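K.L.:
Have a look at this fold, sequence not included:
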């Protein structure tokens, strides 16, 4: 997996390398438009434009598929060349959008109350961060979100592959928490499919049995581990990404 694909995974896009490659250019659209409008707002000192950008970034935190620029791309631009559809924004990317939105709020109020230097300070932070995302897909806010999870103890360490194989040989379940259609396209030998969004309804299938959890990139397996730990499972282990097996 390349650097840009790993950065997209860190933003929460838990897809195969091929799917990440296909999404790579499309996912640049929204941050590019946001950066251009932010630059225009800074140049013209228009507070309302930054407040609008802030709303576009903050409100979709609760509605992952409703970012206005994502919808513009999906419904008006994408059909022109039959491009790939942008998926709903995963949590780490939504956290990044809220971070950018908060900075736009500060810029807007700074212009509104005549504090132009403060507006430019935050503008000169915001725009380079957006440029980094556009050019490399590396998102500082998503990276900090992951660091915060690790420091707070909510990031489960990965089990060594050889140890996972030993446990499976001794009777542990190998559990694939990807969606059913992803599972149908290929899975690890002997794995059972328990999609992440069904774990709370099917949790009894795991009781009393050691389980090794994996997904496409390791993100969903982390979420599954957090959920199972809250339910007081103590014999679950995080294998992480599918490709670790080989």
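P.N.:
Alright, I've got the coordinates. Since the model is a prediction, treat every value here as computed from it, not as a measurement.
K.L.:
Tell me which residue lies farthest from the centre of the chain.
P.N.:
Relative to the centre of the chain, and counting by C-alpha atoms, centre = their mean, the farthest-placed residue is residue 114 at 36.3 Å.
K.L.:
What count of nearby residues applies to residue 187?
P.N.:
Close neighbours of residue 187, defined as other C-beta atoms under 10 Å, add up to 16. Yep, even glycine has a C-beta here, placed from its N, CA and C like the rest.
K.L.:
and it, how far is that from residue 217?
P.N.:
15 Å (C-beta to C-beta, to the nearest Å).
K.L.:
same deal with residue 201?
P.N.:
The gap separating residue 201 from residue 217 is 24 Å, by C-beta to C-beta.
K.L.:
swap in residue 155?
P.N.:
Following C-beta to C-beta, the distance that separates residue 155 from residue 217 is 14 Å.
K.L.:
Neighbour count for the two, which is higher?
P.N.:
residue 217 (26 against 16).
K.L.:
which other residues reach stretch 174-189?
P.N.:
Stretch 174-189 is contacted by residues 14, 164, 168, 190-196, 199, 206, 211-216, 220-221, 224, 239, 242, 245 when judged by C-beta atoms under 8 Å, 6 or more residues apart in numbering.
K.L.:
what's the closest residue to residue 125 other than its chain neighbours in contact with, if anything?
P.N.:
Excluding its sequence neighbours, the residue lying closest to residue 125 (C-beta to C-beta, 6 or more residues apart in numbering) is residue 103, at 6.9 Å. If you count contacts by C-beta under 8 Å, 6+ apart, residue 103 has them with 122, 125-126.
K.L.:
coming back round to it: among the contacts of stretch 174-189, which ones are in strands?
P.N.:
192-193, 211-215, 239 (DSSP state E).
K.L.:
what's the most distant pair in these?
P.N.:
Across the ones in strands among the contacts of stretch 174-189, the longest distance by C-beta to C-beta is 14.6 Å; it joins 193 and 239.
K.L.:
higher neighbour count, these two?
P.N.:
residue 239 (26 against 15).
K.L.:
Surely that one touches residue 222?
P.N.:
No - look at residue 239 against residue 222 with C-beta atoms under 8 Å: they stay out of range, at 11.0 Å.
K.L.:
Can you list the buried residues in stretch 80-96?
P.N.:
83, 86-87, 89-90, 92-96 (16 or more other C-beta atoms under 10 Å).
K.L.:
Among those, show me the least confident.
P.N.:
Among the buried residues of stretch 80-96, residue 90 has the lowest pLDDT, at 87.
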